[in-house]
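> curious how this folds, go ahead:
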Amino acid sequence: MSSMKTFFIAILSIICLHVISSLAIPVSNEIKIPWIVANVAGKKFSPGQQVNLQIISPSERIININIRQRLTGFDQVLETNVKLSAGHNEIKVTIPSSGNFVKPSPQNYFTIFENGARGDYSATFEIGDPDYGISFIQPVAGGVIKVGDTLETKWKVEKSYVPPGADPSTFRVQHFLFEPAVIPQGQSFSSKFFPNDGVAVNFESGSLEYELPLDTIPNVLYKMGCLVLNTATTPWERHIYSAGTFLVIPK
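Below is the predicted model of the structure:
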């Protein structure tokens with residue numbers, strides 16, 4: 001009985017590997033820019049910790065990898081002249097152990113730079129224990145959805161989206177946002193804001209559904225994000241959280 005069970009597990013593993021391999025080839029051919037597929041959304045990292053970044057590239061490329069922080073605008077180069085091969089790549093980066101990124105924050109993200117231009121960027125993640133913030137459960141990095149299908153977005157709040165010690169009455173969730181990670185050259189795109197475009201948002205529910213319009217540009221990497229405003233400051237503080245990057249393909 002045990003040997004028969006092992007046999008079936010082995011067969012299923014081979015089938016799964018075949019499906020994954022067959023999907024990986026067309027996906028890398030459909031994208032135009034290197035795509036961060038590492039699932040770091042809402043994860044907690046420590047200063048000095050090493051992180052494995054999975055990146056799918058459409059061709060051989062040379063990139064830089066930075067870490068950035070929403071609200072503060074902090075930006076630091078982590079790796080330069082990284083050589084990517086066509087297809088799947090794994091790159092090790094290290095969270096800075098000193099400087100601006102040591103202070104706890106839930107609004108950090110990795111981003112790719114190629115020839116000086118900003119490319120794809122990861123979901124936002126935590127450094128340290130900020131004790132507040134919003135993290136996305138869906139969509140996940142590396143996901144694929146067809147034009148016309150329903151995009152499911154889910155999120156959770158880490159205790160509160162108001163920083164400790166701040167006045168909750170001055171904070172509000174302004175909107176959710178759907179837009180390309182990078183707008184394709186020569187094309188225009190109007191970002192979709194929710195609530196709006198016929199989509200209501202109940203923030204407390206932790207989810208929303210959006211049917212991708214038939215005029216959504218396919219074979220493009222997209223993001224879903226959330227903006228929280230603090231009206232107590234001038235100008236208003238903008239707290240931004242992002243989900244992982246996903247690919248939209250033709251119907």
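
> low-confidence ranges, the protein, go.
1-28 (pLDDT under 70).

> and with 90 instead?
Within the chain, the stretches with pLDDT under 90 are 1-30, 183-190, 196-198.

> any chance you could map the strands in the stretch 101-250 of the chain?
Under the criterion DSSP state E, counting those that start in this stretch, the stretch 101-250 of the chain contains strands at 105-114, 117-121, 125-127, 134-138, 144-146, 150-157, 171-180, 192-194, 207-211, 220-230, 237-242, 246-249.

> could I get the ones you listed as JSON lines with distance to Ile91?
Bear in mind the C-beta positions are built from the backbone N, C-alpha and C, glycine included. Compiled in JSON lines, the strands of the stretch 101-250 of the chain are given as follows (distance: least, Cβ to Cβ, whole Å):
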{"stretch": "strand 105-114", "distance to Ile91": "10"}
{"stretch": "strand 117-121", "distance to Ile91": "13"}
{"stretch": "strand 125-127", "distance to Ile91": "16"}
{"stretch": "strand 134-138", "distance to Ile91": "22"}
{"stretch": "strand 144-146", "distance to Ile91": "22"}
{"stretch": "strand 150-157", "distance to Ile91": "27"}
{"stretch": "strand 171-180", "distance to Ile91": "23"}
{"stretch": "strand 192-194", "distance to Ile91": "31"}
{"stretch": "strand 207-211", "distance to Ile91": "32"}
{"stretch": "strand 220-230", "distance to Ile91": "18"}
{"stretch": "strand 237-242", "distance to Ile91": "19"}
{"stretch": "strand 246-249", "distance to Ile91": "20"}
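
> so which of these gets nearest Thr72?
Nearest to Thr72 among those is strand 105-114 (7.4 Å), distances taken as Cβ to Cβ.

> report the buried residues of that closest one.
Residues of strand 105-114 classed as buried by neighbour count (16 or more other Cβ atoms under 10 Å): 105-112, 114.

> what's the farthest-apart pair in those?
Pro106 and Glu114 (27.1 Å).

> just the helices in the protein please.
Using DSSP state H, the helices found in the chain span residues 2-30.

> returning to that earlier point: out of the strands of the stretch 101-250 of the chain, which comes closest to Gly48?
That would be strand 125-127 among the strands of the stretch 101-250 of the chain, by Cβ to Cβ, at 10.4 Å.

> buried stuff in the closest one?
125-127.

> ok, stretch 168-179 next?
Of the residues in stretch 168-179, those buried (16+ other Cβ under 10 Å) are 171-178.

> just send the residues you listed back as a markdown table, with distance to Val228 too.
Below are these laid out as a markdown table (distance: Cβ to Cβ, whole Å):
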| residue | distance to Val228 |
| --- | --- |
| Phe171 | 6 |
| Arg172 | 7 |
| Val173 | 5 |
| Gln174 | 7 |
| His175 | 10 |
| Phe176 | 11 |
| Leu177 | 12 |
| Phe178 | 17 |
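
> return the member of the residues you listed nearest to Gly148.
Nearest to Gly148, judged by Cβ to Cβ, of the buried residues of stretch 168-179 is Phe178 at 14.4 Å.
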